[in-house]
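> I would like the atomic coordinates for the input below:
(chains A and B)
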Protein chains: 2
Amino acid sequence: MTGKAAIVGGGVIGGGWAARFLLMGWDVAVFDPDPEAARKIGEVIDGARRALPMLYDTALPAEGRLTMASAFSEAVEGADWVQESVPERLALKHTILQRMQATARDDAIIGSSTSGFMPTELQASTQRPGQVIVAHPFNPVYLLPLVEVVGSSANTPEMLDRAEDILRSIGMAPLRVRAEVPAHIADRLLESVWREALWLVKDGVATTEEIDDAIRMGFGLRWAQMGLFETYRIAGGEAGMRHFLGQFGPALEWPWSKLTDVPAMDDALIEKISQQSDAQAGAMSVRALERLRDDNLIAILRALRQRGAAAGKVLTDHEQSLKGASVTDWPLLTVRRIVPVDWTDYNGHMNEGRYGQVFSDAADAVLDLIGAGPAYVDAGHSFFTVETSVSYKAECHAGEAIAVRTQVRQAGGKKLGLYHEMWRGEDLAATCTQLLIHVDLETRKSCDPLPEVAEAMARLPRD
Amino acid sequence: MTGKAAIVGGGVIGGGWAARFLLMGWDVAVFDPDPEAARKIGEVIDGARRALPMLYDTALPAEGRLTMASAFSEAVEGADWVQESVPERLALKHTILQRMQATARDDAIIGSSTSGFMPTELQASTQRPGQVIVAHPFNPVYLLPLVEVVGSSANTPEMLDRAEDILRSIGMAPLRVRAEVPAHIADRLLESVWREALWLVKDGVATTEEIDDAIRMGFGLRWAQMGLFETYRIAGGEAGMRHFLGQFGPALEWPWSKLTDVPAMDDALIEKISQQSDAQAGAMSVRALERLRDDNLIAILRALRQRGAAAGKVLTDHEQSLKGASVTDWPLLTVRRIVPVDWTDYNGHMNEGRYGQVFSDAADAVLDLIGAGPAYVDAGHSFFTVETSVSYKAECHAGEAIAVRTQVRQAGGKKLGLYHEMWRGEDLAATCTQLLIHVDLETRKSCDPLPEVAEAMARLPRD
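Next up is the predicted model:
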């Protein structure tokens, strides 16, 4: 499903909308009177062009056509979706919505990116209220799936369904908000944290960086995969959500927060939350949820670790302190590890690509041993693998311990030839022969190793 | 650094502490009078034994010794670290701390897992206040790195440094809290969201599941890697934090939240936050931060995608709708994709293991074509790769488009032999020969394909 999207207001949010539609094959016309608009929106779209396609394991559709409209009507004319992302002033939004309806097709969907206004407020001065909804996205719009879809009694369910279908077709996750309130759902939660955080800074309890660390090293990781209630359901343990609410309900009255107006945790509210939480968890036991949470956290933490970012940096730093001298054993014990959950595929076993990664890690251990580790790479030389042959002997599963023993088959001049055996306990899981070539990282061409590495290669024991 | 840890209180938090110390090589003695304690803590530790080692790319140290102490003093005696994780009642905590100090070594660190009490409150009735600190972890303690470390004027900086060193040695990220306040930092933020969420449920604006989706499909993903302030710094765009605060400051006064006591966003507060945010960002421009954020989000989303969880499920569902019929071209175009950021290694190029994954995906496309896709796998048969040989011809980098063309070399009986060429634009990046064998997923042994797959194999064009 593609069509034409009109984007009015080309800031970070409007630009993100434009990018998402465009990269999913829609034609996009942007209107923004700012003389800098084309440059600014171009930068957002360039960021999205770099980032969004990397999310997918398949090529995206061909990009649609991007136009910077010189007139308002030119942008809106013939559009299937018209999105308003102008500053949060109700009078301004009314003017824009009226101008949109003067040109827009009757069956076009007009979405507002408003963080705060309710659809009824936005629709108040429009000709065709039924055409206008709130479609509130989150920055960066081209990566985060959430979009809050809010209608009023003026909108038909069919129209809201159609809006959701379009949003899903550009890769978003529409969340239909069942009641109009200022700031919908997510921004109410964000606002409450924001206020509390402002107090913490103002009172000198924490700096902005400490508050960010308090989030991203802890509950931020939980929230990336489960949110608030499902996480607390697990925290309640075997006794479940009712137990959790009973236990922590009284703490609500404590003066922990600067903002102490709280709903009474009476039986009715306990029952309501518990029933909703039961429905949400479905047939999953707390143990099953716990395992799901742990596996998701492992995958997220390992993703951050590969990036050397946030909690992933904690992990790499810690791992450095754990590394033993095991690689000096003979035959070289080059890898000792557990198969993580993010390495398995639809066959329920470790994917063949991950065998390749294990053998790559094994080669890295040999490179460390001959002084061609990270410092050598930083100084401008490395070894690149040019050939590998792998023979797969046994399946490996998440949680299993594996080890690699490595023999040196060739070590002279530019060439390093390795033979690896990967063991899963007593079972030979795979063998690999690997040829590496020494390269200059500046020219990316092969060359002889520096003398100290050449000497270390010559000293390597052969079998 | 290892030693003996005494864990008093064996619930979800105490069990998590026990697991973390134990799996990092410490001896652990647990005291909990609950007759079910051994079973409960055993379950937490089993969960940790499964999960924690999967985080690391290297083997963890040998596990320490776990004892369920029959007497309080037996647990605490000789311990280097004593951790209190009993229910949140101050009088109870006082009793426990006093009993701990009756046996604990003078130089032992006594940490309290309290969510709410300040160190001064805990120390009030103890013999040696300088020995007692708050060390507040987050569930699951064995996976999340954050631990808030809070001392009072009774604690020496050296003692708090020593506590941090020990916590880092078991893989945690200690956050030294600079001022005592009830609930420290993170739980004040959590409490504010919790209260707002309770109002949303009570008022019928959203269900627990909708609130969780509003978090995990949107800002939860941001918070897993950057937290609140750095994210908003980016949202402010080129104009920076001062601009953001100026723009959104007034919204603080809006009745978005049920809880409207707000600090005045005066010049002093704007200046304080802006300066802290500048210091936090260091020399990084907003563009650089934006790119960092995007790359982290891609890595997190792709991690969730591999798990089929939360926002990752949105991605796989959407990708299904994008898949074209390109695989029917000849020679088979089996992969068309972009190299994602999480596929590169220290050489700045795509790791050899990821070439293996691309060729694995290419084989999957052929399997789809012969009717041996996901439904066939669900019904109990599959193909396993038994041999691959890869020759690496050119480097690939994040963001580059790659494609694989595949030829069928052998297709009969149990065997499927493929030859793949991976192209990066006009350059041949790698070649791969691959032998797959048809298997019964019940016995995990080779067997002939079912008739319809055998027929489809026979119809495959050969070069």
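> Can you tell me how far the nearest residue to residue A:322 once chain neighbours are set aside is from residue B:331?
In this structure, residue A:322 finds its nearest non-sequential neighbour in residue B:58, 6.1 Å apart by CB to CB, 6 or more residues apart in numbering or on different chains. C-beta here means a position set from N, CA and C on the backbone, and glycine is covered the same way. As judged by CB to CB, to the nearest Å, residue B:58 and residue B:331 stand 42 Å apart.
> ditto for residue A:95
Separation of residue A:95 from residue B:331 (CB to CB): 57 Å.
> same check, this time on residue A:458
As for residue A:458, its distance to residue B:331 is 45 Å (criterion: CB to CB).
> Could you check which of these two is surrounded by more residues?
When neighbours are counted by other CB atoms under 10 Å in any protein chain shown, residue A:458 and residue B:331 differ, and residue B:331 comes out ahead with 15 against 10.
> For the closest residue in space to the more buried one that isn't next to it in sequence, grab the count of nearby residues.
Spatial nearest neighbour of residue B:331, chain neighbours left out: residue B:405 (4.8 Å); criterion: CB to CB, 6+ apart. Residue B:405: 17 surrounding residues under other CB under 10 Å.
> and residue B:405, what does it touch?
By CB atoms under 8 Å, 6 or more residues apart in numbering or on different chains, the residues touching residue B:405 are B:331-334, B:420-421, B:423.
> just curious, which of the residues you listed is nearest to chain A?
Closest approach to chain A among the contacts of residue B:405 (CB to the nearest CB): residue B:333, at 9.9 Å.
> Would you agree the closest one is in contact with residue B:407?
No: if you go by CB atoms under 8 Å, residue B:333 and residue B:407 don't touch, sitting 11.6 Å apart.
> can you give me the helices for the stretch 151-300 of chain A?
In the stretch 151-300 of chain A, the helices defined using DSSP state H, counting those that start in this stretch lie at A:157-169, A:186-202, A:208-214, A:220-223, A:229-235, A:240-248, A:267-281, A:286-307.
> Over to the closest residue to residue A:449 other than its chain neighbours. Which of the three states is it?
Distance criterion CB to CB, 6+ apart; nearest residue to residue A:449, sequence neighbours excluded, is residue A:438 at 4.7 Å. Counting by DSSP: H, G, I helix; E, B strand; the rest coil, the backbone at residue A:438 sits in strand.
> Chain B versus residue A:438, what's the distance?
In this view, residue A:438 and chain B are 12 Å apart by CB to the nearest CB, to the nearest Å.
> what about that residue, how many neighbours?
Count around residue A:438 with other CB under 10 Å applied: 21.
> With the one 5 residues further on instead?
Residue neighbour count, defined by other CB under 10 Å, stands at 9 for residue A:443.
> Show the pLDDT at it.
Listed pLDDT for residue A:443 reads 95.
> separation between it and chain B?
In this view, residue A:443 and chain B are 12 Å apart by CB to the nearest CB.
> That residue should be in a strand, yeah?
No: judged by three-state DSSP, residue A:443 forms no part of a strand; its state is coil.
> Contact partners for residue A:244?
Residues near residue A:244 by CB under 8 Å, 6+ apart: A:232-233, A:235-236.
> near chain B too, which of those?
residue A:235 (CB under 8 Å from any CB of the partner chain).
> thinking again about what came up before, from the contacts of residue B:405, which land in helices?
With helices defined by DSSP state H, no entry of those lies inside them.
> Have a look at those and tell me the least confident one.
residue B:331 (77).
> So it sits against residue B:406, correct?
Yes: using CB under 8 Å, residue B:331 is in contact with residue B:406, at 6.6 Å.
> In contact with the closest residue in space to residue A:197 that isn't next to it in sequence, which residues?
Spatial nearest neighbour of residue A:197, chain neighbours left out: residue A:211 (5.3 Å); criterion: CB to CB, 6+ apart. Listed by CB under 8 Å, 6+ apart, the contact set of residue A:211 reads A:197, A:200-201, B:185, B:189, B:227-229.
> just curious, which of those residues is nearest to residue B:101?
residue B:185 (27.3 Å; CB to CB).
> The nearest residue to that closest one once chain neighbours are set aside: how many residues sit nearby?
Spatially, and ignoring its direct neighbours in sequence, residue B:185 is nearest to residue A:214 (4.3 Å; CB to CB, 6+ apart). By other CB under 10 Å, 28 other residues sit near residue A:214.
> Looks like residue A:214 contacts residue B:145 (just checking).
No: counting by CB under 8 Å, residue A:214 does not reach residue B:145; the two are 11.4 Å apart.
> Residues that sit against both of those two, list them.
Shared contacts of residue A:214 and residue B:145 (CB under 8 Å, 6+ apart): none.
> where among the helices of the stretch 151-300 of chain A is the average confidence lowest?
Of all the helices of the stretch 151-300 of chain A, the minimum mean pLDDT falls on helix A:240-248 (a mean of 71).
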